[in-house]
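*Asks:* sequence and predicted structure below; questions after.
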Amino acid sequence: MTDARTDDDQTQCLQQLALGHPILWANPALPRARTVAPGAGPGRSDMLAAEARLVRFAPLLSDLFPELQPSAGRIESPLLPVAELGAALGLPEVFGALWVKADHGLPVAGSIKARGGIHEVLEFAERLAFDHGLLRPDDDYRVLASPAARACFGRYEVAVGSTGNLGLSIGVMASALGFRATVHMSADAKAWKKERLRARGVSVVEHAGDYEQAVAAGRAQAAQDPTIHFIDDERSLSLFLGYSAAAPNLARQLAAHGIRVDAQHPLFVYLPCGVGGAPGGITFGLKQLYGPHVHCFFAEPTQSPCFLLRMLDRRGAAPSVYDIGLSNQTEADGLAVPRASDLAADTIGDDLSGVYTVGDDTLFRHLYLARRHAGLQIEPSAAAGFSGPAMLGQTAAGRAYLERHGLLPVMNAATHIAWTTGGLFVPDAEYRNFLERGAGLDARPGGQASGRPAA
Ligand SMILES: *Cc1c(COP(=O)(O)O)cnc(C)c1O
């Protein structure tokens, strides 16, 4: 019985997806009270090791990037209360409080990619430095700015395939350390992102195809040359663990704000998803810390729901959004990915609460509301998290999730975090266009009504 109903749900879900309708899918495999399974794959110590690496490099980064001096070399973002924005989005009071994890302002990279991309560059540099006798375990990592270290790094290249933001984070960090850096960009990558990289001395290779093809081209080139370290967005564990290091930091921020996370105080986190590495790594980390009390939902564009597609077919060959007739065309360029990462799906698929999809118009409207009601300057991809509370509270699938996990009675004590994943470096003219488009949509009769609770 249960299986038959689940199959029906999945079929219906696929139909809605293929039509490009916004939907929420809740994971039927998520157990009611799962604690993190030990077992194979990465664990808590790997997450903590990634965080420790970022701490070791902090003094060096503070020297290399003046903008990191206030944070003593840590690349972190604040957790912001946004009650007024919550009201504007239609979050009813009984649903708890809305917060923003403000990765849109992450220094150096301007997006969530700072967490994974920079971590992997640092891990590569650290390994090379140990191998070449340039660094000993107790050294001050600032020795890596020495001419000898830079000369060593200069013999290696760091390469990556990207829709833009990953290239920005890796290109900037790699070139700051003295590596040669190459970024393989997809056709949909924004022109300003390419220009910014070239200005930093990074070589940009433009590909006619999509993100997946750019990654494949970079991977193939690196396979020919042992001096190239290819950062593989679809397969890299180092990248994934770098993202997970956000979790212990968020836990400290929640504690500092006096926010509890337990059975009586559930935490909901809404994470914009491309290939699944960033939201997957963060989900992995948060699950290590909070187990069943954190509920992680991924947010994808209606034309690029690759992770949801993957979740609907866990056993089959990894499907692509083109297979169900979608275009992978979206203004949310950071999320324009046709096929999900196997690493992310395999590692956190069982722990994911659900995935929902968002149309571009909604992204722009929420981008505008985020500016108007919270003063946040975000890019379209970063707006995807703001649909989360409404998708959870106002869809049948969302209500069913809350009921199945016994959450309805404690929702007034819930905390919702929309993870804003990028925006700092969007050029002003481009951002003004985003805002205008969002303001126009919000002014439409349907725009406001759909975003506010019925009176
Ligand atoms: C890359 C990116 C994401 C999602 O990260 P994935 O690892 O691709 O899932 C979300 N938002 C922005 C702005 C991004 O650049």
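*Replies:* Received the coordinates, thanks. Numbers count the residues shown, from 1 in each chain.

*Asks:* and the helix ranked longest in the chain, what does it pack against?
*Replies:* For the chain, the longest helix by residue count, based on DSSP state H, is helix 44-64. Where contact means 3 or more Cβ pairs under 8 Å, 6 or more residues apart in numbering; DSSP states H and E, helix 44-64 is packed against helix 113-131, helix 237-244, helix 246-256, helix 277-290. The C-beta positions use only the backbone N, C-alpha and C, and glycine is treated the same way.

*Asks:* roughly how far is the longest one from the heart of the chain?
*Replies:* In terms of Cα atoms, centre = their mean, to the nearest Å, the centre of helix 113-131 is set 19 Å apart from its chain centre.

*Asks:* what residues sit buried inside that helix?
*Replies:* Residues of helix 113-131 classed as buried by neighbour count (16 or more other Cβ atoms under 10 Å): 113-126, 128-129.

*Asks:* only alpha carbons, please: show the longest helix of the chain as PDB.
*Replies:* Taking C-alpha atoms only, helix 44-64 is exported to PDB below (Å, rounded to 0.1, in the frame of the first residue of the first chain):
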ATOM      1  CA  ARG A  44      32.100  14.400  11.700                       C
ATOM      2  CA  SER A  45      35.900  14.300  12.000                       C
ATOM      3  CA  ASP A  46      36.300  15.100   8.300                       C
ATOM      4  CA  MET A  47      34.100  18.100   8.800                       C
ATOM      5  CA  LEU A  48      36.100  19.300  11.700                       C
ATOM      6  CA  ALA A  49      39.400  18.700   9.800                       C
ATOM      7  CA  ALA A  50      38.200  21.000   7.100                       C
ATOM      8  CA  GLU A  51      37.300  23.700   9.600                       C
ATOM      9  CA  ALA A  52      40.700  23.300  11.300                       C
ATOM     10  CA  ARG A  53      42.400  23.700   7.900                       C
ATOM     11  CA  LEU A  54      40.600  27.000   7.400                       C
ATOM     12  CA  VAL A  55      41.700  28.100  10.800                       C
ATOM     13  CA  ARG A  56      45.400  27.200  10.100                       C
ATOM     14  CA  PHE A  57      45.300  29.200   6.900                       C
ATOM     15  CA  ALA A  58      43.600  32.300   8.400                       C
ATOM     16  CA  PRO A  59      46.800  34.300   9.200                       C
ATOM     17  CA  LEU A  60      48.000  33.800   5.600                       C
ATOM     18  CA  LEU A  61      44.700  34.800   4.100                       C
ATOM     19  CA  SER A  62      44.500  37.800   6.300                       C
ATOM     20  CA  ASP A  63      47.800  38.900   4.800                       C
ATOM     21  CA  LEU A  64      46.800  38.100   1.200                       C
END
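
*Asks:* so which other helices or strands are in contact with the next helix-or-strand element following it?
*Replies:* Following helix 44-64 in sequence order, the next helix or strand is strand 79-81 (DSSP states H and E). On a contact count with 3+ Cβ pairs under 8 Å, 6+ apart, strand 79-81 meets strand 97-101, helix 246-256.

*Asks:* residues contacting the longest one, please?
*Replies:* If you take Cβ atoms under 8 Å, 6 or more residues apart in numbering as the criterion, helix 246-256 is touched by 47-48, 51, 76, 78-79, 101, 103, 115, 260-261, 267, 281-282, 284-286, 288-290, 415, 417.

*Asks:* could I have the buried ones of the residues you listed as ChimeraX selection syntax?
*Replies:* With 16+ other Cβ under 10 Å as the burial test, the buried ones among those are selected in ChimeraX as follows:
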select :47,48,51,76,79,101,103,115,261,267,281,282,284,285,286,288,289,290,415,417
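
*Asks:* and the average pLDDT for the longest helix of the chain is what?
*Replies:* Mean per-residue pLDDT for helix 44-64: 97.

*Asks:* how distant is it from the center of its chain?
*Replies:* With Cα atoms, centre = their mean as the basis, helix 44-64 stands 19 Å off its chain's centre.

*Asks:* for the ligand, what's its nearest residue on the stretch 101-250 of the chain.
*Replies:* Evaluated by Cβ to the nearest ligand atom, the stretch 101-250 of the chain has N165 as its residue closest to the ligand, separated by 3.3 Å.

*Asks:* now do the same contact list for that residue.
*Replies:* By Cβ under 8 Å, 6+ apart, the residues touching N165 are 109-113, 193, 334, 422.

*Asks:* likewise for E195?
*Replies:* Taking Cβ under 8 Å, 6+ apart as the definition, E195 has no contacts.

*Asks:* quick check, it in a helix?
*Replies:* Yes: applying DSSP: H, G, I helix; E, B strand; the rest coil, one finds E195 inside a helix.

*Asks:* ok, back up a step: out of the helices and strands packed on strand 79-81, which one sits most buried?
*Replies:* Most buried of those by mean neighbour count (mean count of other Cβ atoms under 10 Å) is strand 97-101; its value is a mean of 24.

*Asks:* flag every residue of the stretch 351-455 of the chain that's near the ligand.
*Replies:* Contact residues (Cβ under 6 Å from any ligand atom) of the stretch 351-455 of the chain with the ligand: 379, 381-382, 421-422.

*Asks:* of all the helices and strands packed on strand 79-81, which one is nearest Y431?
*Replies:* Closest to Y431 of those, according to Cβ to Cβ: strand 97-101, at 17.4 Å.

*Asks:* packing partners of the closest one?
*Replies:* Strand 97-101 packs on strand 79-81, helix 83-88, strand 415-419, going by 3+ Cβ pairs under 8 Å, 6+ apart.

*Asks:* how about JSON lines for these, with mean pLDDT added?
*Replies:* Output for the helices and strands packed on strand 97-101, formatted as JSON lines (pLDDT from 0 to 100):
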{"stretch": "strand 79-81", "mean pLDDT": "98"}
{"stretch": "helix 83-88", "mean pLDDT": "96"}
{"stretch": "strand 415-419", "mean pLDDT": "98"}
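
*Asks:* highest mean neighbour count out of these?
*Replies:* Most buried of the helices and strands packed on strand 97-101, by mean neighbour count (mean count of other Cβ under 10 Å): strand 415-419, with a mean of 27.

*Asks:* need the contact partners of that one.
*Replies:* Against strand 415-419 from outside (Cβ under 8 Å, 6+ apart): 79, 82, 86, 91, 95-101, 103, 112, 250, 254, 259, 261, 265-272, 279, 282, 385-386, 388-389.

*Asks:* same list, the helices and strands packed on strand 79-81, but as a markdown table with mean pLDDT and distance to the ligand please.
*Replies:* Compiled in a markdown table, the helices and strands packed on strand 79-81 are given as follows (pLDDT from 0 to 100; distance: least, Cβ to the nearest ligand atom, whole Å):
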| stretch | mean pLDDT | distance to the ligand |
| --- | --- | --- |
| strand 97-101 | 97 | 12 |
| helix 246-256 | 98 | 12 |
